[in-house]
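In: After the sequence you'll find the predicted model.
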Amino acid sequence: MSIRIVPNRGATAPQTRMSAAHAIPPLLFANLKSLYARRAERLRHLAEESPLQDLLAFAALIADAQQHALHDHPLTMDMSALLARTAKTALPPLDIHTFERDPHWRTLLQAIIAELRPQVDPHLRAVLENLEKCSENQLENYADALLTREFTDVGSETAPLIWAALSLYWAQMAALIPGKAQVEHGEHRQFCPTCGSIPVSSLVHLGSVSGMRYLHCNLCECEWHVMQAKCSNCEHTHGLNYWSLDDISSPVKAESCDDCGTYLKILFQEHDPNVEPVADDLATLVLDAKMEDEGFARSSINPFLFPDG
């Protein structure tokens, strides 16, 4: 099964974009009012007793900067024509490979840089200053490289900053989509139905969707439902195993698939209601090392930690 976003004819409020006829909402849009502030708070909490304290603290600063940029640079777009056009195709409305970016994302990048500059050490300040001096063409090339996973063309220090602006831009657009999600027969459930990017991790919720597993997009911050009994990468239903560093009640586990040889973190709000898809994934890199030792490849990318190649 796949998920497609179609125009929400007759809907009167954003919260009704997901069909009430579905017992399980196929798609959850991010609440941008609290997303970045909550992420920053969680990162700082996890950093307190972590050997990754510096990394988590810097990630928290970026999340704070995204929150400020969101407030200072709102986005206004009419997404109706775009949604009507893409609803006739198999493409997500904000497809990372075909959507034509406008300069707003670069405005967000400059705002993030300005917010970070007085708070970082001299080395990172130099990285920010070099990025600030880049031409518009160079910045667009960086964005193209990240969205096509050509990470070596950007560099591990620059990538999280570029991605922070791109992600905020895509999240702002996703929040404006006047549509609803519907489940259809199809493939590629491992990709975000809003933008076509990949997940950072998955989350088993509490509350109105209690017990349901959703993949969290590493770009637009949407979440889409994938049954926990299926591999999040290849959708096979056998050969799935769960790994943790602590015990069975650990809030963060890795789900591995023997068929495709990949794994994805899975977070359980039942064991810790404060888990956050990006923060808790980043704070458990020791689990990633264990999974690599077991011969599994990560099927996701954390927006604060890009591979070197």
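Out: Received the coordinates, thanks.
In: check contacts around D95.
Out: Going by CB atoms under 8 Å, 6 or more residues apart in numbering, D95 touches T86, C195, G196. In this view, the C-beta of every residue, glycine as well, is placed from N, C-alpha and C.
In: repeat that with 10 Å
Out: Counting by CB atoms under 10 Å, 6 or more residues apart in numbering, D95 touches T86, T89, L147, F191, C192, T194, C195, G196, S197.
In: hang on, it is in a helix, isn't it?
Out: No: counting by DSSP: H, G, I helix; E, B strand; the rest coil, D95 is not found in a helix; it is coil.
In: can you pull the buried residues of stretch 141-156?
Out: Neighbour counts using 16 or more other CB atoms under 10 Å place Y142, A143, A145, L146, L147, F151, V154 of stretch 141-156 among the buried residues.
In: ok, the third one to D121 distance?
Out: To D121, A145 is 26 Å away according to CB to CB, to the nearest Å.
In: The fourth one now?
Out: Distance, L146 to D121, by CB to CB: 24 Å.
In: In space, what's closest to E132 - neighbours in sequence excluded?
Out: Nearest non-adjacent residue to E132, counting by CB to CB, 6 or more residues apart in numbering: I113, 5.3 Å away.
In: Distance check, the one you found against V120.
Out: Going from I113 to V120 by CB to CB gives 10 Å.
In: Would you map the strands across the chain?
Out: Remark: strands assigned in the chain by DSSP state E are 2-7, 27-28, 179-184, 199-204, 213-217, 223-225, 240-243, 252-257, 262-268, 297-298.
In: who wins for proximity to A126 among those strands?
Out: When the strands of the chain are compared for distance to A126 using CB to CB, the nearest one is strand 199-204, at 27.9 Å.
In: Tell me which strands the closest one pairs with, and in which orientation.
Out: Note on strand 199-204: by DSSP bridges, its sheet partners are strand 213-217 (antiparallel), strand 262-268 (parallel).
In: quick one: contacts for the nearest residue to T158 once chain neighbours are set aside?
Out: Nearest residue to T158 in three dimensions, chain neighbours excluded: L131, at 6.0 Å (CB to CB, 6+ apart). By CB under 10 Å, 6+ apart, the contact list for L131 reads L109, Q110, I112, I113, Q138, L139, Y142, G155, E157, T158, L161, I162.
In: now do S210
Out: Counting by CB under 10 Å, 6+ apart, S210 has contacts V204, Q269, E270.
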